[in-house]
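Q: Whatever this is, show me its structure:
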Amino acid sequence: MTQLLRRPAHLLHAAMALTAACGAAPALALDAEEIFERAAPAVWTVKSDLGNGQFSVGSAVAIAPNLLVTACHVVGKAITVQLVQRQREVKVIRILRDPVPEHDLCVLQTEAAAALATVAIAPMDSVRVGARAYAIGSPHGLELTLSEGLVSALRANATSTLPTIQTSASISSGSSGGGLFDAQARLMGVTINVSPGGQNLGFAYPAQLVMGLPQRMDAELAQWHAGLKKLGLLMGANGEPLLSGHAELGNEAALPVIGGGSDPAALQMAYKQFLLQSLPRAFMITGDGHFGTVTSLAGLNEQLAGCAQKKITCAVYAVNSTVVWGQQQPGR
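A: Numbers count the residues shown, from 1 in each chain. This next block holds a predicted model:
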């Protein structure tokens, strides 16, 4: 596995070591005002440009000076992502997705110079039903909104050994990806949704789930190249796909013309989404005129199976940071 492919996971390993080292709990609980004072500087409003004049708003929490955790559905279809806090704006340069498809969990990477204020992560064994819980996020775009409640329950999660946290702290649309903090201002949960018909019925992934993300990414990357070989890509001695020379990675004008009535503007927008994703990633074009980004081994295998069933070509335009268009061998 090359250094380039492992870079995002290495970045997360360092961040997790930092947050774990800072996670020791103070002896005394803090009041709501003190919790807000400590935690709020790490909470940001997420503004995602979806193209065609459409935007979505959510929240994120900084866990390292240039890494924030959020809910994937906040940034899932974005072509650019901006972080806003009071009068400050920071651009997101990469989105790192949890390889487990069922986890709505993403990490946003900014330039290192962003030097964001951070919070510590609370270990899951410190989260107790009945404990105070404080949600900070941007409900309906109202940034840095604080609400208070309890940890209402710890619900079993079929995709993890860690439970989902149920809370009575008020969580609304726009709060997704924000923080659920304990009485020591530590991040114990990443808010993901609120029950449509329920009052004070919100849910959060345990923040400790983020701690296992580097290991999940490493396991995913170990199988990624095998999937690329099935696509018939020519691989170099370093294990990376060979550069085809078709175009520079960021040259949207070089994208191929696709038949079947496909909209070139939609193709370019989809490619912008691809460029925002972290590794591994592949921009694929199928023989029946469909296109889009694959960011997981499960997604890659699904595309392979779909193309085989339809007996059409699964062509690859770019993989990771390499344009491979024009030199793909027949899939095998």
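Q: how about the helices in the stretch 101-250 of the chain?
A: For the stretch 101-250 of the chain, the helices defined by DSSP state H, counting those that start in this stretch occupy 208-211, 213-230.
Q: Can I get the shortest one in CSV, CA atoms only?
A: Right, helix 208-211. The C-alpha atoms that make up helix 208-211 are tabulated as CSV, following Å, rounded to 0.1, in the frame of the first residue of the first chain:
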residue,chain,number,x,y,z
GLN,A,208,-15.8,6.9,20.4
LEU,A,209,-16.9,5.4,17.1
VAL,A,210,-14.7,8.0,15.5
MET,A,211,-11.7,6.5,17.4
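Q: what ranges of this protein fall below the confidence cut-off?
A: Residue ranges of the chain with pLDDT under 70: 1-27, 194-199, 259-262, 329-332.
Q: follow-up on the earlier one: how about the helices of the stretch 101-250 of the chain in TSV, adding distance to L108 and mean neighbour count?
A: Yep, even glycine has a C-beta here, placed from its N, CA and C like the rest. Output for the helices of the stretch 101-250 of the chain, formatted as TSV (distance: least, C-beta to C-beta, whole Å; neighbours: other C-beta atoms under 10 Å):
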stretch	distance to L108	mean neighbour count
helix 208-211	12	23
helix 213-230	13	18
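Q: Can you redo the ones you listed as CSV, where the extra columns are distance to V69?
A: Below are the helices of the stretch 101-250 of the chain laid out as CSV (distance: least, C-beta to C-beta, whole Å):
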stretch, distance to V69
helix 208-211, 5
helix 213-230, 9
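Q: Between these, which one is closest to H246.
A: Proximity to H246 (C-beta to C-beta) singles out helix 213-230 among these, at 17.1 Å.
Q: Okay, buried residues for the next helix or strand after the closest one please.
A: Downstream of helix 213-230, the first helix or strand assigned by DSSP states H and E is helix 264-276. Judged by neighbour count using 16 or more other C-beta atoms under 10 Å, the buried positions of helix 264-276 are 267, 269-276.
Q: same check, this time on stretch 39-56
A: By neighbour count, with 16+ other C-beta under 10 Å as the criterion, the buried positions of stretch 39-56 are 39-51, 56.
Q: Alright, I will stop here.
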